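**Student:** Here's a sequence, model it:
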Amino acid sequence: MYTQNNDPNQPEGGNHYLHRQEMPEPLAPASPSAQKRKLFWPVFFAILLTASLTFVLTAAAGYIFYGDAVRKGIENSLGSEPGETDAEKPSGIDTGEDKRTLTFTDEEGIEEALDKFSTVYNLLQDNYYQAFSDAEMIQKMTEGLINEMGSPYTFYLTPEYHDAVEDSMSGEYVGIGAIVMRDRDGVFVVNDIIPDSPAESAGLYVGDIFVKVDGHDVSNFEDVNELAAFVRGEEGTAVTLVLYRPVEDREVTLRILRRGITNVSVRYRMLDKGIGYIHMTEFSDHAAENFENAVLDLMEQGAQHLVIDLRNNGGGYAHECVNMLDVLLPPATVATIEGREDGKDYKDEWKTRTATLVPEDMRFVILLNRYSASASELFSGAMRDLAGAVIVGEQSYGKGVGTMTWQLSDRSAIQITGFEYFLPNGESVEGVGLVPDYDILLAPEVEVKAPNQRTLEEDTQLQKALDLLKSKVR
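**Tutor:** Numbers count the residues shown, from 1 in each chain. Sure, this is the predicted structure:
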């Protein structure tokens with residue numbers, strides 16, 4: 001029913017009905033004859049902009065839009081020799097043949113802080129009711145340091161979590177087919193459901209809040225990665241979920257069988273005469289390629305203007321986002337970046353570099369809601385500022401920072417918040433989000449459905465987008 005391109009030449013991401021009253025017809029697959037463009041983003045450094053995790057509940061951990069750049073290899077930021085990984089760098093502890101050093105500045109208070117640390121370390125090692133080796137204590141210190149940096153998007157990933165994230169961003173995994181994010185209240189909430197998935201068949205709702213997974217209280221989970229690790233499992237096995245359903249003010253229990261999931265991130269169809277519709281679930285691998293195919297195919301079908309649906313889209317790879325913008329925009333600066341790398345402040349610009357593939361008079365309406373985050377906000381803000389796109393729906397999530405995921409020698413990883421991005425007009429969405437031009441809320445009974453489950457009649461946000469574009473069709 002849907003297709004997803006799997007071009008072996010595509011760089012690995014470093015490592016989401018015409019006048020019908022019933023359910024919409026399936027969205028069309030990408031046209032195999034669509035023109036291909038060369039992607040410009042550097043291969044080794046795939047930046048991720050996200051705030052949700054593809055439930056890898058779809059199998060693993062989902063998309064960390066929290067992550068923003070995965071560097072394998074790594075060129076590390078502490079000045080190692082060529083080919084030397086972080087784990088091989090000198091660090092300061094005498095391990096026999098190898099000397100490893102931690103170097104600190106000579107700033108005021110450093111001596112007192114180290115004395116305090118030494119005291120606390122020895123007290124814990126000697127008096128805690130369970131005994132831990134020095135290696136175990138150092139691992140705890142490592143994770144604690146990462147988690148205390150003050151950004152919810154900076155955290156430690158075990159090897160299992162890291163593998164799960166990479167699997168989810170590839171678009172294929174074993175799980176239940178839900179996309180989940182942790183909202184600003186700290187709860188784990190379903191923000192999208194993959195079509196034809198076990199989650200959809202079991203009756204999971206958008207907006208459902210996780211309470212327990214196989215008897216484990218999710219309030220004890222540190223992040224969505226840990227939640228996803230409990231939900232994923234072997235194909236054909238079952239997971240029991242207890243969820244709070246706000247729309248009904250009650251808890252529900254669902255037993256769902258896991259299976260292989262293929263998440264097609266781009267789905268599209270003609271919405272009306274001269275108006276095409278593209279639904280983006282996430283900015284995962286091949287999203288830009290599939291988006292380009294969708295745009296070209298819709299234009300072949302007569303689309304003069306586009307509705308781009310980014311509701312419930314938590315983000316994804318930044319290079320996929322910028323390459324999508326490159327389809328619709330002429331060469332331009334779509335974001336300005338300010339961050340730190342190698343111990344120094346830096347500024348950068350992300351740009352589209354090739355001629356647009358769409359007519360100059362094509363108009364755009366973008367649908368957003370409170371679960372639209374990060375790469376979705378960058379895409380929408382750039383289209384608003386540079387192409388006059390109109391935004392319909394709700395104020396978006398407000399994630400205006402990006403992260404880089406650094407893989408370590410044992411395949412664990414650190415996700416680090418490394419930069420803030422600014423839209424072409426200079427605006428930051430961090431903690432604020434994008435305010436729509438037309439603020440329209442869905443009815444509660446409609447909001448709990450995934451976008452593909454709603455009829456045009458009940459989807460008032462999509463209706464508004466259609467109304468805005470109808471008058472522009474020649």
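**Student:** Against which helices or strands is the one helix or strand Glu338 maps to packed?
**Tutor:** Glu338 belongs to strand 332-341 when elements are defined using DSSP states H and E. Contacts defined by 3 or more Cβ pairs under 8 Å, 6 or more residues apart in numbering; DSSP states H and E place strand 332-341 against helix 318-328, strand 344-352, helix 375-387, strand 413-422. Any C-beta I mention is one placed from the backbone N, CA and C, and that applies to glycine too.
**Student:** try it again with 10 Å
**Tutor:** Where contact means 3 or more Cβ pairs under 10 Å, 6 or more residues apart in numbering; DSSP states H and E, strand 332-341 is packed against helix 318-328, strand 344-352, helix 375-387, strand 401-407, strand 413-422.
**Student:** Could you list the buried residues of that strand?
**Tutor:** Neighbour-count burial for strand 332-341 flags 332, 334-337, 339 (criterion: 16 or more other Cβ atoms under 10 Å).
**Student:** Note down every partner strand of that strand and its orientation.
**Tutor:** Applying DSSP bridges to the sheet, strand 332-341 is found paired with strand 344-352 (antiparallel), strand 413-422 (antiparallel).
**Student:** And those strands, which one averages the lowest pLDDT?
**Tutor:** Ranked on mean pLDDT, the bottom entry among these is strand 413-422, at a mean of 92.
**Student:** what angle sits between that strand and strand 401-407?
**Tutor:** Strand 413-422 and strand 401-407 are oriented at 160 degrees to each other (axes from the mean of the first three to the mean of the last three Cα atoms, to 10 degrees).
**Student:** Grab the CA positions of strand 413-422 and hand them over as CSV.
**Tutor:** Output of strand 413-422 as CSV, limited to C-alpha atoms (Å, rounded to 0.1, in the frame of the first residue of the first chain):
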residue,chain,number,x,y,z
ALA,A,413,26.6,6.5,23.4
ILE,A,414,26.3,10.0,24.8
GLN,A,415,23.7,12.4,23.4
ILE,A,416,24.9,16.0,24.0
THR,A,417,22.9,19.2,23.5
GLY,A,418,25.4,21.1,21.4
PHE,A,419,23.7,24.0,19.6
GLU,A,420,20.7,26.2,19.3
TYR,A,421,19.2,27.0,15.9
PHE,A,422,17.6,30.2,14.7
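**Student:** Give me the residues contacting whichever helix or strand comes after it.
**Tutor:** Reading on from strand 413-422 to the C-terminus, the next helix or strand found by DSSP H and E is strand 438-439. Contact with strand 438-439 is made by 365, 390-395, 461, 464-465, 467-468, as judged by Cβ atoms under 10 Å, 6 or more residues apart in numbering.
**Student:** who does the next helix or strand after strand 438-439 touch, helix- and strand-wise?
**Tutor:** Downstream of strand 438-439, the first helix or strand assigned by DSSP H and E is helix 444-447. Applying 3+ Cβ pairs under 10 Å, 6+ apart, one finds that helix 444-447 contacts no other helix or strand.
**Student:** what element comes up after helix 444-447 heading to the C-terminus?
**Tutor:** Immediately after helix 444-447, counting by DSSP H and E, sits helix 460-470.
**Student:** what secondary structure does Glu112 sit in?
**Tutor:** Secondary structure, DSSP: H, G, I helix; E, B strand; the rest coil: Glu112 is helix.
**Student:** Please report how far it lies from Tyr121.
**Tutor:** From Glu112 across to Tyr121, the span is 15 Å (Cβ to Cβ, to the nearest Å).
**Student:** list the contacts for the residue lying closest to Gln304 once chain neighbours are set aside?
**Tutor:** Once flanking residues are discounted, Gln304 sits nearest to Gly274: 4.3 Å by Cβ to Cβ, 6 or more residues apart in numbering. By Cβ under 10 Å, 6+ apart, Gly274 lies in contact with 301-305, 469-470, 472-474.
**Student:** Filter those down to the ones in strands?
**Tutor:** If you go by DSSP state E, the contacts of Gly274 have His305 in strands.
**Student:** Show me how the chain divides into domains.
**Tutor:** Here the domain parsing of the chain from automatic domain parsing is 51-71+156-262, 103-155, 266-470.
**Student:** so how far is the second one off the chain centroid?
**Tutor:** Mean-position distance between domain 103-155 and its chain equals 31 Å (Cα atoms, centre = their mean, to the nearest Å).
**Student:** and what of stretch 205-215?
**Tutor:** 20 Å.
**Student:** Same check on stretch 418-434?
**Tutor:** On the basis of Cα atoms, centre = their mean, stretch 418-434 sits 16 Å off its chain's mean C-alpha point.
**Student:** Comparing Glu112 and Tyr121, which residue is more hemmed in?
**Tutor:** Tyr121 (14 against 9; other Cβ atoms under 10 Å).
**Student:** quick one on the thing from earlier: the inter-axis angle of the strand holding Glu338 versus helix 375-387?
**Tutor:** Orientation of strand 332-341 against helix 375-387 (the same axes, to 10 degrees) gives an angle of 140 degrees.
**Student:** Now do strand 332-341 against helix 318-328, angle only.
**Tutor:** Angle of strand 332-341 versus helix 318-328, following the same axes, to 10 degrees, is 170 degrees.
**Student:** CA atoms of strand 332-341 as PDB?
**Tutor:** Extracted C-alpha coordinates of strand 332-341, given in PDB (Å, rounded to 0.1, in the frame of the first residue of the first chain):
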ATOM      1  CA  ALA A 332      18.900  30.300   0.900                       C
ATOM      2  CA  THR A 333      20.000  30.200   4.600                       C
ATOM      3  CA  VAL A 334      17.300  28.200   6.400                       C
ATOM      4  CA  ALA A 335      18.900  28.200   9.800                       C
ATOM      5  CA  THR A 336      21.700  29.900  11.800                       C
ATOM      6  CA  ILE A 337      23.500  27.700  14.300                       C
ATOM      7  CA  GLU A 338      25.200  28.800  17.500                       C
ATOM      8  CA  GLY A 339      26.900  26.200  19.700                       C
ATOM      9  CA  ARG A 340      30.100  24.800  21.200                       C
ATOM     10  CA  GLU A 341      32.500  22.300  19.700                       C
END
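**Student:** tell me the mean pLDDT for it?
**Tutor:** Throughout strand 332-341, pLDDT has a mean value of 95.
**Student:** so how far is Met362 from the nearest residue to Gly302 once chain neighbours are set aside?
**Tutor:** Nearest residue to Gly302, sequence neighbours excluded (Cβ to Cβ, 6+ apart): Gly274, at 6.1 Å. Here the distance between Gly274 and Met362 works out to 10 Å (Cβ to Cβ).
**Student:** shared neighbours of these two, which are they?
**Tutor:** Common neighbours of Gly274 and Met362, counting by Cβ under 10 Å, 6+ apart, are 303-305, 472.
**Student:** And the pLDDT at Val247?
**Tutor:** In this model, Val247 is scored at 92, pLDDT.
**Student:** doesn't Asp217 make contact with Glu226?
**Tutor:** No. Using Cβ atoms under 10 Å, Glu226 makes no contact with Asp217, being 11.8 Å away.
**Student:** More neighbours: which of those two?
**Tutor:** Glu226 (19 against 11).
**Student:** Which one, of the strands paired with strand 332-341, ends up nearest to Arg232?
**Tutor:** strand 413-422 (17.4 Å; Cβ to Cβ).
**Student:** Measure how far the closest one is from the centre of its chain, please.
**Tutor:** A distance of 13 Å separates the centroid of the chain from that of strand 413-422, by Cα atoms, centre = their mean.
**Student:** circling back: relative to Tyr268, how far out is the residue nearest to Gly302?
**Tutor:** Distance of Gly274 to Tyr268, computed by Cβ to Cβ: 15 Å.
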